[in-house]
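>>> build me a model:
(chains A, B, C and D)
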There are 2 protein chains.
Amino acid sequence: MVGPKARQQDTLFVSSLEKGMRILEAFSEDKTEFGLADLVKVTGLEKSAAQRYANTLYELGYLEKNPETRRFRPSVKYLEMAYSYLWADYLAQLAMPRLIDLSRQTSQTINMAEPIGTDIIYVVRMPNHRTNFGASAIGRRVPALVASSGRVILSRQSDQAIRDAVSTWPTRQYTQRTTMDRGAILDNILMAREKGYCTTQGQVLPDEVNVAAPICSIDGIPVGAIHCSLPSIRWTIERAEEEIAPLVVEAAQSIVPSR
Amino acid sequence: MVGPKARQQDTLFVSSLEKGMRILEAFSEDKTEFGLADLVKVTGLEKSAAQRYANTLYELGYLEKNPETRRFRPSVKYLEMAYSYLWADYLAQLAMPRLIDLSRQTSQTINMAEPIGTDIIYVVRMPNHRTNFGASAIGRRVPALVASSGRVILSRQSDQAIRDAVSTWPTRQYTQRTTMDRGAILDNILMAREKGYCTTQGQVLPDEVNVAAPICSIDGIPVGAIHCSLPSIRWTIERAEEEIAPLVVEAAQSIVPSR
DNA sequence: GTACGCTGTATTACAATACAATACAAGATG
DNA sequence: CATCTTGTATTGTATTGTAATACAGCGTAC
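Got it, this is the predicted structure:
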């Protein structure tokens, strides 16, 4: 990580752009609307800076402004960026037909995730039962240690990498049942390594059973995961392992990106 | 529209940020990777400017860089922005459960679109049959006059607005069957107004029949549309009108945003 | 083999641009 | 009605981004 001091002296780093991106990034699941004063608090910018950058993003069409409250919100331009990304994402392109098939076969919610740092991010989501919408939107990041997708991706890495991740990567308590015991997480990952898939229950959403299988490139490096999310009212882990896991594993194995 | 001259004198407009966003926006369905020289061509920036802005976005994690080819591509951060937007989009939150139901009822591809200027943009996509992935990704923009969703949104506007749109808004020939005759487009819109839904065939993708219905706010303003996409090998417009249209209309009417 | 064109990278001195500090207006709050 | 907090607008100043340039690596052509 490069510190702010090093960056200030780096003539190839345009700090004005960073400040603008700070504003763009301020919006999150907690806060979807900001007045100017709020932006100052969240971004740490000066009042006049926040004013200029927010105004610029507004003129460029990235932010909308409620004329009454004068608060800013992300515009639909945020979505256009997702489109640009998806076109460039070789894995998503490759996986999509298989995900559609899997969705039809199982009639359950199917997701595809990719690793990013210590998190995973959902790239494709195909909901099949009503659930919290926000939780099932594209682009969501979840700590890899918590999500079944993250764990199953880890399970294909070296012992050393797994141990490092389990002991140092962040976790977060999403539900009452979210496992905060790192030993238990390690066990779950090692189990996933043996079985070829990872099962979890209630880690991110309270009433869900999850089954995840890794997508590996031709040289065996895990580059993503497919995961199936089942309502725990009707599914036990055991039944999921029997009926769903083989399908998820098969779909994941049929996707072999060359890079 | 504010011209560049006016902007240069506007002290509230940070042109450095605009240049950075130009780089971010350079990536599209046609071009998913850019070297520095390509960026210069596409964005119109000076070489050194392109260098600094691309480098900044790289350090901030928005762009990835292929170490061999030294070309830039959008990173998964593009997707995170979609997440921020979807959390803030009241209509998407509201519609999601109904879209899931509709997807299960019909077993067909269901989309939700919102108007943006003279285009519509796909906000929710639930594919149910194999298709060109890129064409079915979130965030895609299509001219409103071409897409069934766009036409059905227009059909709920005033005569004057419809006539203005049909005569001045842009169209684009996506397939051989895409209607470029504006008179025919007007007829289709007026038909949609009568029926309450809009049907089209092969406008955006060659082998597709589409049925779209408008989502209107409590005061009758069209704010979006649901559309169902059917493979034309197995569906005629007539059969779609009989079996699918009532379901789509019902779903759309059950969504009544208060703002 | 070397000369050339094309990349991407790195370093300058300079001035244009973003800056902080203001002052003002308009609601909200007490 | 007084006061606080919000968003808006202006200005002189220097910080910051700038264009120009030089360099290195690579492939192509002669």
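
>>> so which bits of the stretch 1-150 of chain A are right by DNA strand C?
Taking CB under 7 Å from any atom of the strand as the contact definition, the stretch 1-150 of chain A meets DNA strand C at A:11, A:12, A:15, A:16, A:19, A:46, A:47, A:48, A:49, A:52, A:53. For glycine as for every other residue, the C-beta is placed from the backbone atoms N, C-alpha and C.

>>> and the furthest pair within these?
Based on CB to CB, the longest span within those runs between A:12 and A:47 and measures 28.6 Å.

>>> same drill for these two, tell me which one is more crowded.
residue A:12 (14 against 11; other CB atoms under 10 Å in any protein chain shown).

>>> what's near enough to touch the more buried one?
B:51, B:52, B:55, B:56 (CB atoms under 8 Å, 6 or more residues apart in numbering or on different chains).

>>> which SS state does the second one fall under?
Okay, so that is residue B:52. Following DSSP: H, G, I helix; E, B strand; the rest coil, the label given to residue B:52 is helix.

>>> and the last one, by the same measure?
Secondary structure state of residue B:56, per three-state DSSP, is helix.

>>> look up how far residue B:42 lies from it.
Distance from residue B:56 to residue B:42, counting by CB to CB, to the nearest Å: 17 Å.

>>> between those two, tell me which one has more neighbours.
Between residue B:56 and residue B:42, counted using other CB under 10 Å, residue B:56 has the larger neighbour count: 24 against 17.

>>> which residue packs closest to the residue in the stretch 1-150 of chain A that DNA strand D sits nearest to, ignoring adjacent ones?
Closest residue of the stretch 1-150 of chain A to DNA strand D, CB to the nearest atom of the strand: residue A:35 (2.3 Å). Leaving aside its sequence neighbours, residue A:35 sits nearest to residue A:71 (CB to CB, 6 or more residues apart in numbering or on different chains; 4.8 Å).

>>> kindly report the same for residue A:175.
residue A:206 (4.6 Å).

>>> domain ranges for chain A?
Annotated domains of chain A cover A:4-75, A:81-253 [automatic domain parsing].

>>> kindly reformat these as CSV containing mean pLDDT.
Listed next are these as CSV, based on pLDDT from 0 to 100:
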stretch, mean pLDDT
domain A:4-75, 89
domain A:81-253, 95
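
>>> highest mean neighbour count out of those domains?
Of the domains of chain A, the one with the most neighbours on average (mean count of other CB atoms under 10 Å in any protein chain shown) is domain A:81-253, at a mean of 20.

>>> quick one: the strands in chain A?
A:63-65, A:72-74, A:109-116, A:119-126, A:141-143, A:198-201, A:208-216, A:222-231 (DSSP state E).

>>> kindly reformat these as TSV containing distance to DNA strand D.
Formatted as TSV, the strands of chain A follow (distance: least, CB to the nearest atom of the strand, whole Å):
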stretch	distance to DNA strand D
strand A:63-65	7
strand A:72-74	8
strand A:109-116	26
strand A:119-126	29
strand A:141-143	28
strand A:198-201	41
strand A:208-216	29
strand A:222-231	26
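
>>> could those strands go into CSV alongside distance to chain B?
Listed next are the strands of chain A as CSV, based on distance: least, CB to the nearest CB, whole Å:
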stretch, distance to chain B
strand A:63-65, 9
strand A:72-74, 5
strand A:109-116, 5
strand A:119-126, 5
strand A:141-143, 7
strand A:198-201, 21
strand A:208-216, 15
strand A:222-231, 11
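
>>> out of these, flag the one nearest residue A:158.
That would be strand A:222-231 among those, by CB to CB, at 11.2 Å.

>>> what's the angle between the closest one and strand A:119-126?
Orientation of strand A:222-231 against strand A:119-126 (axes from the mean of the first three to the mean of the last three CA atoms, to 10 degrees) gives an angle of 60 degrees.

>>> parallel or antiparallel, list what pairs with strand A:222-231.
Partners of strand A:222-231 in the sheet, by DSSP bridges, are strand A:109-116 (antiparallel), strand A:208-216 (antiparallel).

>>> closest to residue B:117 out of those?
The nearest among the strands paired with strand A:222-231, by CB to CB, is strand A:109-116 at 31.3 Å.

>>> measure residue A:233 to residue A:209 for me?
For residue A:233, the distance to residue A:209 - CB to CB - is 10 Å.

>>> and for residue A:107?
With CB to CB as the criterion, residue A:107 and residue A:209 are 15 Å apart.

>>> for residue A:253, same thing?
21 Å.

>>> equivalent analysis for residue A:113, please.
17 Å.

>>> who touches the spatially closest residue to residue A:157 that is not a sequence neighbour in this structure?
Nearest in space to residue A:157, with sequence neighbours left out and distances taken as CB to CB, 6+ apart, is residue A:222 at 6.8 Å. Contacts for residue A:222 (CB under 8 Å, 6+ apart) come out as A:115, A:152, A:153, A:154, A:155, A:156, A:157, A:214, A:215, A:216.

>>> cheers, nothing more for now.
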